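Engineer: quick one: sequence plus predicted model below, questions after.
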2 protein chains.
Amino acid sequence: AVEQSSEAAEQVEGTVEALLTEPFGVMAPDTTVAGALDRLVHTEPVTGITYIYVVDGGERLQGVVAMRDLLLGRPGQTLAEIMTPEPYALRPDTPLTEAIQAALVHRHRLYPVTDDDQRLVGLVYGWQLFETMATELSAQSGTMVGVDREERLATPVMTAFRMRHPWLQVNLLTAFTAAFVVGLFEDTIARIVALAVFLPVLAGQSGNTGCQALAITLRGFTLGELAEFPVARLLRKEILLGAMNGFFVGLVAAAAMWLYASMTDTGQPLLLALTILIAMVGACIGSGVFGVMVPLTLRRFGADPAMASSIFLTTFTDILGMGLMLALATALVM
Amino acid sequence: AVEQSSEAAEQVEGTVEALLTEPFGVMAPDTTVAGALDRLVHTEPVTGITYIYVVDGGERLQGVVAMRDLLLGRPGQTLAEIMTPEPYALRPDTPLTEAIQAALVHRHRLYPVTDDDQRLVGLVYGWQLFETMATELSAQSGTMVGVDREERLATPVMTAFRMRHPWLQVNLLTAFTAAFVVGLFEDTIARIVALAVFLPVLAGQSGNTGCQALAITLRGFTLGELAEFPVARLLRKEILLGAMNGFFVGLVAAAAMWLYASMTDTGQPLLLALTILIAMVGACIGSGVFGVMVPLTLRRFGADPAMASSIFLTTFTDILGMGLMLALATALVM
């Protein structure tokens, strides 16, 4: 299923439909245990059959008979008598995340898939659900930086180029926005070059802090935790974390700025150090908020919450981190 | 198993041992089909038994009997006669990645686990293998930026702070290295402030290009593709991709620099544009190499290949991208 064309994957990606296998081991409700045994021995390839699906004249799924039910039944009993009625069944449009979670609860080897009229339309193996999920999950770190879900080690160079390059151009455009903000403070930088030296520090810290919040939020989506965890509580947590992380990282960065400014005879080393501290706290709080909001916003617009999320996030954190430092320096020191 | 303490997880993380369930459905080889049936009905809770594990006096696993084998056997036959001998078994020290791949091939519901003497020491469900893998995989994007594998949405703020903060301090230290490199070119920046504006552009592009290569390499580890794919070929591919991506992104960035320099009356706009183009190609080639080498190096030292990989990677790409641009500008323009 994973090897299917990218377009088809786009359409069915995420639902049980993509994994359907033709039903097998299907029998009528009035089949006797002896008759079922006879059919198992003679007409079906016995290997691989774990369940008998009991289906009425209208192809509606009535129940499931496990091999041990057959084993414990008397030869004259009908399947209708020994079956488990109304078995757990998936729908073709069940999202894969939901199907996986159900599979973790029910732990069957094979699941029946029925339509709205209870008609048995196919079967899905538990391992197929998990395999698809594993392949999807292993794509996430790539998706965050604009790598296509279909790309693998063996993908030809030109194909990889076509898939990765557009997002790098998007990243460039967003970087220009951050550069534009830096450009607004050209006069400040020309007078206090130490600030240019601290630009990558601010950008790097707020970017990494934001990526931590982003990763935890995406994991919450993946493991289905976000359904029960209020967004407001998540935001409060990341704001608090951002404030604490920004403060302690900011103290070290402020000390470094004070040292650097003193050594290079830049004026106002203490005010510059204070600038770095405040900018770091503000940037890290904002990064926590962006880390939560970027995937939520992507999801709201119907997109994969991981899609290029790191590119969007660092745009915001770059602008916030560097902009805050330069604006504060301009206000406090100039 | 996932909820266990972080320390225990450290020790058994990654092998089948962490998931062992007590063996059940164990019988002697001379048990008859009728006897097995009787035991199934009377002494064991029948629900959940899918296989009978046939074990000799020395607790050594001789074979497996599926319910359908029992169904098709005659009452007087012994389990030894109808069992599948030498069944596929896992070892307690089988790495989870290997166990998962085996599970995708064998597709059983339950796997026997034996020690070096063939003794049955436990059972592992297929879904347990996949659940653990899914939880591990969903942690990867976080691991790359220094989020602990144990952290979830519901992790208390102070615990999350203790787990995330040390990596942010590491990130700060590495950012100082990049800042130090930028500081070497203070005179150049003081004379051509346009370069400061392009610092985040270079850092952002080479960082994202490197993260793309990093993500594909980590995915290769996860899906077991790296075992068959020569590292030299992967490096060649990423170098070529880096050159192409760097060239086309560099052209746009060079045009932007030419425009910016012309508009702000910075001297030598064409030479500055050429500087950006060359720096972008060089930085993107280097980023591709780092993206492959960082996880390989972490693995070589026995660490998780994803561990803080993005923090290490961006240190290198920041230094390379910004350093190359400033060095070239100093050589060509000053």
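Structural biologist: The structure has been received and is ready for your questions.

Engineer: in which helix or strand does residue A:121 reside?
Structural biologist: strand A:120-125 (DSSP states H and E).

Engineer: only alpha carbons, please: show that strand as CSV.
Structural biologist: C-alpha atoms of strand A:120-125 as CSV (Å, rounded to 0.1, in the frame of the first residue of the first chain):
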residue,chain,number,x,y,z
LEU,A,120,-18.8,-7.0,4.5
VAL,A,121,-16.6,-5.1,2.0
GLY,A,122,-13.2,-6.3,3.0
LEU,A,123,-10.7,-7.3,5.7
VAL,A,124,-7.7,-5.4,7.2
TYR,A,125,-4.8,-7.1,9.0
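
Engineer: what's downstream of it, the next helix or strand?
Structural biologist: helix A:126-137.

Engineer: now do the nearest residue to residue A:74 once chain neighbours are set aside against residue B:38, distance only.
Structural biologist: Of all residues not flanking residue A:74 in the chain, residue A:33 sits nearest, at 6.5 Å (Cβ to Cβ, 6 or more residues apart in numbering or on different chains). (C-beta placed from N, C-alpha, C; glycine too.) According to Cβ to Cβ, to the nearest Å, residue A:33 stands 18 Å off from residue B:38.

Engineer: tell me which of those two has more neighbours.
Structural biologist: Higher neighbour count among residue A:33 and residue B:38: residue A:33, with 22 against 12, using other Cβ atoms under 10 Å in any protein chain shown.

Engineer: so what pLDDT did the more buried one get?
Structural biologist: According to the prediction, residue A:33 has pLDDT 94.

Engineer: return the distance of it relative to residue A:51.
Structural biologist: Residue A:33 is 15 Å from residue A:51, where distance means Cβ to Cβ.

Engineer: then residue A:113?
Structural biologist: In terms of Cβ to Cβ, residue A:113 sits 13 Å off from residue A:51.

Engineer: now the helices for the stretch 101-250 of chain A?
Structural biologist: A:126-137, A:140-144, A:157-183, A:186-191, A:194-222, A:231-263 (DSSP state H, counting those that start in this stretch).

Engineer: who's in contact with stretch A:112-130?
Structural biologist: Applying Cβ atoms under 8 Å, 6 or more residues apart in numbering or on different chains, the contact partners of stretch A:112-130 are A:1, A:16, A:19-24, A:26, A:53, A:55, A:58-61, A:64, A:87, A:89-92, A:96, A:99-100, A:103, A:107-111, B:103-104, B:107, B:109, B:126-127, B:130-131, B:133-134.

Engineer: what about stretch A:196-211, distance to the chain center?
Structural biologist: Remark: stretch A:196-211 is offset 24 Å from the chain centroid, using Cα atoms, centre = their mean, to the nearest Å.

Engineer: domain-wise, how is chain A divided?
Structural biologist: Listed by automatic domain parsing, the domain ranges of chain A are A:6-137, A:161-332.

Engineer: pick the most deeply packed of those.
Structural biologist: domain A:161-332 (a mean of 21; mean count of other Cβ atoms under 10 Å in any protein chain shown).

Engineer: quick one: the closest residue to residue A:20 other than its chain neighbours from residue A:105, how far?
Structural biologist: Once flanking residues are discounted, residue A:20 sits nearest to residue A:122: 3.5 Å by Cβ to Cβ, 6+ apart. Applying Cβ to Cβ, the value for residue A:122 to residue A:105 is 21 Å.
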